[in-house]
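Engineer: Structure of the sequence below:
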Amino acid sequence: MESAEGLNNFKVGHLPTVFYIPNFITHDDETLLLDNIYKAPASKWKSLKNRRLQNWGGIVHEKGLLPQELPVWLTNITKKIYQETNLYPAPINHVLINEYLHNQGIMPHQDGPAYFPVVAILSLGSPVVMDFTPHSRLKSCADQLTENFDDKDSNGTTHCPFSVLLMPRSLLIFKDEAYSGYLHGINDNSLQCYEQTVNKIEVQSTLLETENQTVKVNHDHSSFERTNTRVSLTCRLVPKVHKHLFRH
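Structural biologist: Below you'll find the predicted structure:
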């Protein structure tokens with residue numbers, strides 16, 4: 001995969017700006033990343049209500065990034081994403097690492113305007129289902145009264161909820177419309193329903209292979225129980241870098 005055109009083979013769902021790349025890294029890469037993540041000092045972790053995270057690359061401020069250099073073990077991955085996707089105008093300079101226990105998720109949200117509108121999420125450990133929901137501004141007034149909506153914009157694009165099943169070592173990329181027009185989140189539940197995921201056919205055999213390792217797949221193959229921790233690397237570019245942002 002040498003260019004953005006090469007990503008076309010990895011499009012999933014009805015939006016043209018969502019890509020799912022299985023096995024973007026190897027098992028050895030995954031092990032090395034996890035080793036480095038858990039070797040970080042305790043002070044590097046920030047505990048939130050339903051997960052904990054590490055911030056690498058600096059502090060993101062409304063005016064830009066107060067930068068800190070990424071360690072080599074992270075730049076090895078960010079360079080690979082940057083070079084193989086060809087979607088960023090400059091090298092990735094910020095990574096958030098989130099740790100989710102088997103019953104933890106993240107509420108639907110949008111990434112802030114400080115970032116270039118492309119996000120790449122590398123998944124490690126347990127599989128999980130990520131849900132995408134159209135932002136309220138894409139819904140008509142009538143649609144806002146119901147949970148089930150199917151709205152089209154001026155370009156004829158249909159906006160409806162969808163989900164993607166994220167397997168270990170996979171890379172999810174979403175940009176442009178999927179980035180700015182949708183909220184994304186993960187259900188706070190060990191039970192993950194994947195019957196309606198847009199990439200179910202592509203990943204179901206891999207999911208069944210992980211059974212008894214990180215998940216327990218239900219007999220009807222419509223859901224699974226997370227039994228292990230998931231770690232994700234959210235890789236983004238902050239275009240505006242201010243080395244002396246807080247100096248007067």
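
Engineer: Output the lowest mean pLDDT helix or strand found in this protein.
Structural biologist: strand 151-152 (a mean of 53; mean pLDDT, DSSP states H and E).

Engineer: Looks like Leu33 contacts Val72 (just checking).
Structural biologist: No - between Leu33 and Val72 no contact is recorded; they are 12.0 Å apart, counting by C-beta atoms under 8 Å. Heads up, the C-betas are built off the backbone N, CA and C, glycines and all.

Engineer: Of those two, which one has the most company?
Structural biologist: Higher neighbour count among Leu33 and Val72: Leu33, with 21 against 8, using other C-beta atoms under 10 Å.

Engineer: List the buried residues of the helix or strand the more buried one falls within.
Structural biologist: Using DSSP states H and E, Leu33 sits within helix 27-39. In terms of neighbour count (16 or more other C-beta atoms under 10 Å), helix 27-39 has its buried residues at Asp29, Glu30, Leu33, Ile37.

Engineer: Look up the residues forming beta bridges with Asn11.
Structural biologist: For residue 11 the amino acid is Lys, not Asn. Phe19 (DSSP bridges).

Engineer: Thought Leu172 was touching it, still the case?
Structural biologist: No - Lys11 is beyond contact range of Leu172, at 11.9 Å (criterion: C-beta under 8 Å).

Engineer: where do the contact lists of the two overlap?
Structural biologist: Val18, Phe19 (C-beta atoms under 8 Å, 6 or more residues apart in numbering).

Engineer: For the two, work out which one has more neighbours and name it.
Structural biologist: Leu172 (25 against 16).

Engineer: picking that back up, what's the closest of the buried residues of helix 27-39 to Lys80?
Structural biologist: Asp29 (9.1 Å; C-beta to C-beta).

Engineer: What ranges does the protein have for its helices?
Structural biologist: Under the criterion DSSP state H, the chain carries helices at the ranges 27-39, 72-85, 176-180, 200-209.

Engineer: Would you mind telling me which of the ones you listed is nearest Leu15?
Structural biologist: helix 176-180 (5.0 Å).

Engineer: residues making contact with the closest one?
Structural biologist: Outside helix 176-180, the residues that reach it (C-beta under 8 Å, 6+ apart) are Leu15, Pro16, Thr17, Val18, Gln110, Asp111, Pro117, Val118, Val119, Phe132, His135, Thr157.

Engineer: how about TSV for those, with distance to Asp176, pLDDT and neighbour count added?
Structural biologist: Shown next, in TSV, are the contacts of helix 176-180 (distance: C-beta to C-beta, whole Å; pLDDT from 0 to 100; neighbours: other C-beta atoms under 10 Å):
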residue	distance to Asp176	pLDDT	neighbour count
Leu15	9	92	22
Pro16	9	92	13
Thr17	5	94	20
Val18	10	96	24
Gln110	13	89	12
Asp111	13	86	18
Pro117	6	95	17
Val118	8	97	22
Val119	11	97	21
Phe132	13	95	21
His135	13	84	13
Thr157	11	57	14
